[in-house]
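*Asks:* One predicted model, sequence on top.
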Amino acid sequence: MKERGVEIRAVELTADGGEAIDEALKGIDIVVSTIFLGAIDKQVFLADAAKRVGVKRFVPCDWASCCVRGVRKLYDEARTFPRELELRADDKSLQKAAIQDHVRSIELPYTFIDVGIW
């Protein structure tokens, strides 16, 4: 992708990493999250930073089939919303739908991609 002019920036997503995340996103028009499934809940930090620095479009890591709440754990609502706490990868308190709800709630322009099973 680099050969095609896509700039790739990596950043550590932690609750106390706001300034570093902001710095990594400055000047970016579109953020496409390709986060590891085990840390999908940490996308709230990326979305919040994108909103703070004026990113024009956010594409969360939603690369799974669409569903409705209550059917699959990956799509279920958040059990909690610990904005002030460090989110742990083994506590999937923010799943796909909850991440989407958060992105909408902060009024960050977004594209959600539901790709189906195959």
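*Replies:* Structure's in. What do you need?
*Asks:* Could you use CA atoms for every contact and neighbour count after this?
*Replies:* OK.
*Asks:* what about the residue nearest to the spatial centre of the chain, which helix or strand?
*Replies:* Among the residues of the chain, the one closest to the centroid is Gln43, at 2.9 Å (CA atoms, centre = their mean). Using DSSP states H and E, Gln43 sits in helix 43-53.
*Asks:* after that helix comes which helix or strand?
*Replies:* strand 57-59.
*Asks:* who touches that next one?
*Replies:* The contact list for strand 57-59, computed with CA atoms under 8 Å, 6 or more residues apart in numbering, reads 29-33, 47, 50, 108-113.
*Asks:* need these in a markdown table with neighbour count, pLDDT and distance to Thr14, can you?
*Replies:* A markdown table is the format used below for those (neighbours: other CA atoms under 10 Å; pLDDT from 0 to 100; distance: CA to CA, whole Å):
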| residue | neighbour count | pLDDT | distance to Thr14 |
| --- | --- | --- | --- |
| Asp29 | 13 | 94 | 22 |
| Ile30 | 16 | 94 | 20 |
| Val31 | 19 | 94 | 17 |
| Val32 | 13 | 92 | 18 |
| Ser33 | 16 | 92 | 15 |
| Ala47 | 25 | 95 | 12 |
| Ala50 | 26 | 96 | 14 |
| Leu108 | 19 | 97 | 19 |
| Pro109 | 16 | 97 | 22 |
| Tyr110 | 19 | 96 | 21 |
| Thr111 | 14 | 95 | 23 |
| Phe112 | 12 | 90 | 23 |
| Ile113 | 14 | 85 | 24 |
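*Asks:* So which of those residues belong to helices?
*Replies:* Mapping those onto helices (DSSP state H) picks out 47, 50.
*Asks:* could the contacts of strand 57-59 go into a markdown table alongside distance to Ile99?
*Replies:* Compiled in a markdown table, these are given as follows (distance: CA to CA, whole Å):
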| residue | distance to Ile99 |
| --- | --- |
| Asp29 | 20 |
| Ile30 | 17 |
| Val31 | 15 |
| Val32 | 14 |
| Ser33 | 12 |
| Ala47 | 9 |
| Ala50 | 14 |
| Leu108 | 12 |
| Pro109 | 13 |
| Tyr110 | 11 |
| Thr111 | 12 |
| Phe112 | 10 |
| Ile113 | 13 |
